[in-house]
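**Student:** The sequence and its predicted three-dimensional model are supplied below.
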Amino acid sequence: METVSVNKFRSNIKSLVEQAASHHSPLKVTRRNNKDFVVISIEDWERDQETLYVLQNSSLMKQISESVHTHIKRSGYTPTDGEMNEILGV
């Protein structure tokens, strides 16, 4: 993660925000009072929020864990050809 001072951020706000948004690279902005902040794109923010939701949802994490185990054992559900065509958009 790139780090810049608040003064550099203020002077170059347009290009730094564009860089963070287009390259999906968070930007840490440091301040003298140690109340730093981070600039990220909305897509990255939404992705991170979804990840946090999944990680905090114990029943969903249990389903994922069980799914991993059945996948490893090759004992999970096998979709029909019709279901696969629908999934793949064929």
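**Tutor:** Arrived safely, thanks for sending. Residues are numbered from 1 along each chain as shown.

**Student:** just for the chain, where's the confidence low?
**Tutor:** Along the chain, the model assigns pLDDT under 70 to no residue.

**Student:** so where do the strands sit in it?
**Tutor:** For the chain, applying DSSP state E gives strands covering 2-5, 27-30, 37-39.

**Student:** so what secondary structure elements neighbour the shortest one?
**Tutor:** Applying 3 or more CB pairs under 8 Å, 6 or more residues apart in numbering; DSSP states H and E, we find strand 37-39 packed against helix 13-23, strand 27-30. Quick note: C-beta positions are derived from backbone N, CA and C, even for glycine.

**Student:** contact partners of that strand?
**Tutor:** Contact with strand 37-39 is made by Met1, Phe9, Leu16, Val17, Ala20, Pro26, Leu27, Lys28, Val29, Arg31, as judged by CB atoms under 8 Å, 6 or more residues apart in numbering.

**Student:** Would you mark the buried spots in it?
**Tutor:** Neighbour-count burial for strand 37-39, counted by 16 or more other CB atoms under 10 Å, picks out Val39.

**Student:** Can you say which of the strands of the chain is packed in most?
**Tutor:** Across those, averaging neighbours per residue (mean count of other CB atoms under 10 Å) puts strand 27-30 on top, at a mean of 17.

**Student:** List the pairing partners of that strand within its sheet, with orientation.
**Tutor:** strand 2-5 (parallel), strand 37-39 (antiparallel) (DSSP bridges).

**Student:** Just the CA trace of that strand, in PDB.
**Tutor:** Provided in PDB are the C-alpha atoms of strand 27-30 (Å, rounded to 0.1, in the frame of the first residue of the first chain):
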ATOM      1  CA  LEU A  27      -3.700   4.700  -0.600                       C
ATOM      2  CA  LYS A  28      -2.800   5.400   3.000                       C
ATOM      3  CA  VAL A  29      -2.800   9.100   3.900                       C
ATOM      4  CA  THR A  30      -0.900  10.100   7.000                       C
END
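
**Student:** Check what contacts that strand and list those residues.
**Tutor:** By CB under 8 Å, 6+ apart, strand 27-30 touches 1-6, 9, 16, 19-20, 36-40.

**Student:** I'd like to know which of the strands of the chain is closest to Gln49.
**Tutor:** Taking CB to CB, strand 37-39 is the member of those nearest to Gln49, at 14.0 Å.
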